Structure formats: C-alpha cells, structure tokens
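In: mind looking at a prediction? Sequence and model below.
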Amino acid sequence: MIKPKSYIEAEEYLEIERNAEYKSEYFNGEMFALAGTTREHNMILVNLISALSRELGDKPCQIFASDLRLKVNPTGLYTYPDLVVVCGEQKFEDEKFDTLLNPTLIIEILSELTEAYDRGRKFESYRQLESLKEYILVSSKYMKIEKFLKQMDGKWLLTEEGNMEKSIELSSINCAVRLSDIYRNIPFKN
C-alpha cells in the first residue's frame, strides 16, 4: 500500500527550510529537494554576477544569487532562482528578510535536470509576479541566451542570442551584458 504524502503548510516549510542543510522548493503543500549544479553552471553564475555588478554600478538595483528564496505570492511557489535583480525597494515576506517578493529580473541557468521545469511550470508561475519585467534563460551546454520581456499588454516577447560578439540587452534594468563575459572560460563540449 502506498502511503499518501502529508500536506505541509507554508509556515511549516519555512521552519524546516530555515534549519535544513540543503535547499528545497515548496509548492501546493509539498517540498522538493533541489538538484546540485555543475562546474559550468557555477562558472556562468559567477560570470553573470561579475558582469551585472559592473554594468549596474550605482543604479538602485540589488543582485541576489541562488541562496535567496523567492516567493511567488499568486501561486504560493517558494523557489531559489539562480540570479535575481531587484530595482527599487526590496520587499520581503517577513522580518527574517530571506524570502523576496518583488524581483525585477530573474535569470535561470539551464541544466538537463531543470530545463523543462525552468521553461514550463516555473516560468508559468513567475509570469504571475507583477514586479517581474524580464526572464532570462542561459544555456550551460552551448552559447545561447533566451530573453522573455514583458510587454505593456502583459504578453511576453522572446528574443534569442547566440553570438559571442553580441550583447544581451536587459531592458528591465537598463544595461547590456556581452555573451563573451557570460561565457568566459566555459569549456563547451562538442
């Protein structure tokens, strides 16, 4: 006989998560352990943080890496995007300041394990965030960036870039990052 999973309240998830040795997402009463990352994934993340820090300079924007939890209020999803940028006031769920509510830009670095989820259900949830203006998917297998920009009518416009000499325009935070900076020292396999 299969034992039914017990429903976990969001408050219980947060209590468990804040004391856990590893990160988990939460959705619809269930916790899901996050997969580890690859060397290439980590190198791309470091390159992105470095490039964005340089580009943002003194702008009123803050970069957060994958250890800051994000709550998508409309859907109840708690997750850990690879990179988040917030411009303006940062809003958090509570006084612990560890669960962000209002990202301007979210960047996910794709892996074989997470690509379908990042493109599908996760992006479907992210689109419910009123504050989110741009969603970026970065391939870790080959040089390709996909940018989804929210339009005035609420629809999302996709553009792609895969040329090392080009830049990806991040309209939501008013800057551009060269693909050569994002993919610096990444050893792509043939």
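Out: Received it, and whenever you're ready, just let me know what you need.

In: next one: the spatially most central residue of the chain from residue 58, what distance?
Out: Closest to where the C-alpha atoms of the chain average out (C-alpha atoms, centre = their mean) is residue 81, at 2.9 Å. As judged by C-beta to C-beta, to the nearest Å, residue 81 and residue 58 stand 24 Å apart. Backbone N, C-alpha and C define where each C-beta goes, glycine included.

In: what are the ranges of the strands in this protein?
Out: 24-27, 30-33, 61-65, 69-72, 77-79, 83-87, 99-100, 105-110, 134-139, 145-150, 156-161, 167-170, 175-178 (DSSP state E).

In: okay if I get those strands as CSV plus mean neighbour count, mean pLDDT and distance to residue 126?
Out: Below are the strands of the chain laid out as CSV (neighbours: other C-beta atoms under 10 Å; pLDDT from 0 to 100; distance: least, C-beta to C-beta, whole Å):
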stretch, mean neighbour count, mean pLDDT, distance to residue 126
strand 24-27, 19, 95, 13
strand 30-33, 13, 93, 16
strand 61-65, 17, 96, 15
strand 69-72, 22, 98, 6
strand 77-79, 21, 97, 8
strand 83-87, 21, 98, 11
strand 99-100, 18, 98, 12
strand 105-110, 24, 97, 6
strand 134-139, 22, 98, 6
strand 145-150, 19, 98, 9
strand 156-161, 12, 98, 10
strand 167-170, 19, 97, 16
strand 175-178, 18, 97, 20
